[in-house]
Every structure is written in structure tokens, then in C-alpha cells.
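Peer 1: Got a sequence here, can you build the structure:
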Amino acid sequence: MKIQINFSRTPPVFEVGEIIEGTVVLMDDQEFAGKTVSIRAKGKVKNRWYISTGQSTLVYQAIIDVFEKTDVVVLEKSRFNEAQIPFNFKIPPNCLPSFKESDARIEYKITVFILKNTSTETKHKAKFFINNHLDLRYFPELSQPLEIINEKSIGLWPFKKGDVMMKVLLPRKGWAWGELCPVTVLIENSSSRVIDQLEILLNQRHHFRGYLRRKKGISIDDKLLDGSWAEKRKATKTLVWEKIAVQVPQNSVKELTISLQIPTASCSFECPISKLDYQLKVIAHSLHTTASKVELKSEIVLGSTPFKS
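Peer 2: Down below sits the predicted model:
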């Protein structure tokens, strides 16, 4: 039997809240009458990686379902030994975007099962994708300004060179693709050295977790998700890294604003076993002084639709 899954659009990319539409086409040289067709739309978050201990390989894994919907059709006799079965499934509003890394992914599939006498005769799968989208207008709490402060003594003990205080101000926590984020930096230099370089980094961080897979397997529930025995991992990628020459002499104060363009990247998301976030890091230091870095870090949320669109 030949099975085709045809989506209403090519490529099969859909938005949250849209309806996935398509047709399942069955072709065979035998009668279809009496057979049952089950069409399932399913999405899942899946983390899996391997750790070699020298004598054996440990498998860590965690899987949770994003959503699952099924339609069942009983076939009648077809004169041409071909059947076309339409399907449609509405994507729930809380669906996560499609995502893929080496050890973690969020994937969606349509699976067609041909059943006869309660047993699966054959099946066929086809992937579809949920668009990467986050509308910041639905999260007014992300429009609040951010202020972070750090003060540090620079230089190595016992040759400390004095204190440097740095404050970073952001107009808000949520930012959309292509926006210019004004990063205001205030440096109060009470040391005996000149602060002559400022670095601004935007890092993408993916946090995910898995559980040691045993022969009988494990179930993922709230109790396990809160367990301290879960293996946690983090993958970090630097998307923006700007180095700016500054001059903040000893016993002086300087304020400057740098415009940081937000890149197009995967929107922030979070579920019990996977989280994608972004960290803004600001570093001020003296190029000719050891241990002179003063760092500030803050998590920001990256979306696709700005607060004002």
C-alpha cells in the first residue's frame, strides 16, 4: 500500500492557533473496505544524549508531549482502489515552536496508521513545523525597565587598585527582532587605573534536562521534574559581541549609551524540560590591569512581535 500525506501549504509551516489542513492519499491494488485509518497529529519535546563511562554508555533522556489529536475513519469500498481522506487539526495556543539542536528538539508529526482487526497493518509519517513566534504585547510585565548594579575591587591581592562601580539600565526586558535596544552604562571609577574597554554580549542559552534511562524506562511527572537527580545541561551561543573603546580616568564618572540591534533568532520559550533564554552581559575593564573586569548580567526575552507594531 502506498500512503501520501499532502499538506495544504508547502513548506508545511503553521502558526500557533492556525488549523493544520491536508489530505491523506491511499493507493493499493486491494480493496480498502473494512480497514480503519487513524490520523494523529502530535508534538513532543525530546532531549537525549549519551555519556561514555569507559565500560558502558549511559543514556539520558526526557520526553513530554506538547499536544496530541487523532481522527479515525472507517473506509468503505472504493471502485478505483484509491482513497483521499481530508484532515484538520487546530494548533493549541500554548504550543512551543519547532526547535532542533544535537541533544534536544521540539518536533511535530502527522502519523497515519492503517488498522485491520485491531492491529496496525502499516503506518506513514510526515513532519510539519510550528513557526517561531512570540507576541510581546501579551506580556506587559516585560515592558518594565531593568536596572542592575555591580561594584568590584580590581587588581590582584594584595595589590588592589581600588573600586569600580558599574550600573546598566535597559528600557524594558522584552525585545523583538530588529529592534534597537539602548544600553545605558554608568561607570564610576574610584580606582587608580583607567577603564578603557567596554564589551557588550548577547548570549543565547538553552537549558535542558534528562534522566538516566533504565531498562524499564521512567515516566516524567512533576515529582521527577523537581528531582535533584536529573542531569542538567546548558548550550550557550554568542550572537552579538561588541568591543568599545572608552576612557574613564581614575576618580571619575562616565555615562554612555550603546544601541544594540536585536538579531533574528529563536524566540524565548520554556517548558518543564527545556528552556531557551537570552542573557545580556556587559563587561568593563582596564586592558593593562590583571583581574580588572567588572561584569553585569541580565536575562532578556526575545520575541517576534514588538510591544508597538
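
Peer 1: if I read this right, Leu186 contacts Glu255, doesn't it?
Peer 2: Yes. Judged on Cβ atoms under 8 Å, Leu186 makes contact with Glu255 at a distance of 4.7 Å. C-beta: built from backbone N, CA, C; applies to glycine.

Peer 1: out of these two, which sits in the more crowded spot?
Peer 2: Taking neighbours as other Cβ atoms under 10 Å, Leu186 and Glu255 compare with Leu186 leading, 15 against 12.

Peer 1: For the more buried one, give its distance to Pro249.
Peer 2: 15 Å (Cβ to Cβ, to the nearest Å).

Peer 1: how about the closest residue to Ile5 other than its chain neighbours, what does it touch?
Peer 2: Nearest residue to Ile5, sequence neighbours excluded (Cβ to Cβ, 6 or more residues apart in numbering): Ala126, at 3.9 Å. Residues in contact with Ala126 (Cβ atoms under 8 Å, 6 or more residues apart in numbering) are Ile5, Phe7, Pro12, Lys109, Ile110.

Peer 1: Kindly recompute the last result at 10 Å.
Peer 2: 3-7, 12, 22, 24, 108-112 (Cβ atoms under 10 Å, 6 or more residues apart in numbering).

Peer 1: now do Cys271
Peer 2: Val45, Ile64, Val66, Asn94, Leu96, Ile106, Phe208, Leu225.

Peer 1: what would those look like in CSV with secondary structure and pLDDT?
Peer 2: Shown next, in CSV, are these (DSSP: H, G, I helix; E, B strand; the rest coil; pLDDT from 0 to 100):
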residue, secondary structure, pLDDT
Val45, strand, 95
Ile64, strand, 92
Val66, strand, 89
Asn94, coil, 81
Leu96, coil, 93
Ile106, strand, 96
Phe208, strand, 92
Leu225, helix, 49
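
Peer 1: Would you list the buried entries among the contacts of Ala126?
Peer 2: The neighbour-count criterion (16 or more other Cβ atoms under 10 Å) marks Ile3, Ile5, Phe7, Pro12, Gly22, Val24, Tyr108, Ile110, Val112 among those as buried.

Peer 1: pLDDT wise, what is the residue nearest to the third one when sequence neighbours are not counted at?
Peer 2: Meaning Phe7. Leaving aside its sequence neighbours, Phe7 sits nearest to Gly22 (Cβ to Cβ, 6+ apart; 4.2 Å). Here, the pLDDT recorded for Gly22 equals 95.

Peer 1: would Gly22 count as being in a strand?
Peer 2: Yes. Looking at Gly22 with DSSP: H, G, I helix; E, B strand; the rest coil, it is inside a strand.

Peer 1: pretty sure Asp163 contacts Arg193?
Peer 2: No. With contact defined as Cβ atoms under 10 Å, Asp163 and Arg193 do not form a contacting pair (11.1 Å).

Peer 1: what residues do the two have in common as contacts?
Peer 2: Here Asp163 and Arg193 have Ile154 as joint contacts, going by Cβ under 10 Å, 6+ apart.

Peer 1: The two: which is more packed in?
Peer 2: Between Asp163 and Arg193, counted using other Cβ under 10 Å, Arg193 has the larger neighbour count: 20 against 14.

Peer 1: Would you mark the buried spots in the helix or strand that contains Lys254?
Peer 2: Element membership of Lys254, judged by DSSP states H and E, is strand 252-261. Buried residues in strand 252-261, counting neighbours by 16+ other Cβ under 10 Å, are found at Lys254, Leu260.

Peer 1: Can you name the next helix or strand after that strand?
Peer 2: Going down the chain from strand 252-261, the next helix or strand is strand 269-271, by DSSP H and E.

Peer 1: could I get the host helix or strand of Arg105 in PDB with only the CA atoms?
Peer 2: In this structure, Arg105 is located in strand 104-116 according to DSSP H and E. The C-alpha coordinates for strand 104-116 follow below in PDB (Å, rounded to 0.1, in the frame of the first residue of the first chain):
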ATOM      1  CA  ALA A 104      17.400  18.500  22.200                       C
ATOM      2  CA  ARG A 105      14.500  19.100  19.800                       C
ATOM      3  CA  ILE A 106      10.800  20.100  19.600                       C
ATOM      4  CA  GLU A 107       9.200  18.300  16.700                       C
ATOM      5  CA  TYR A 108       5.700  17.800  15.200                       C
ATOM      6  CA  LYS A 109       4.400  14.900  13.000                       C
ATOM      7  CA  ILE A 110       1.300  13.700  11.300                       C
ATOM      8  CA  THR A 111       1.200   9.900  11.500                       C
ATOM      9  CA  VAL A 112      -1.200   7.700   9.600                       C
ATOM     10  CA  PHE A 113      -2.000   4.200  10.900                       C
ATOM     11  CA  ILE A 114      -3.800   1.600   8.700                       C
ATOM     12  CA  LEU A 115      -5.600  -0.700  11.100                       C
ATOM     13  CA  LYS A 116      -7.200  -4.100  10.300                       C
END
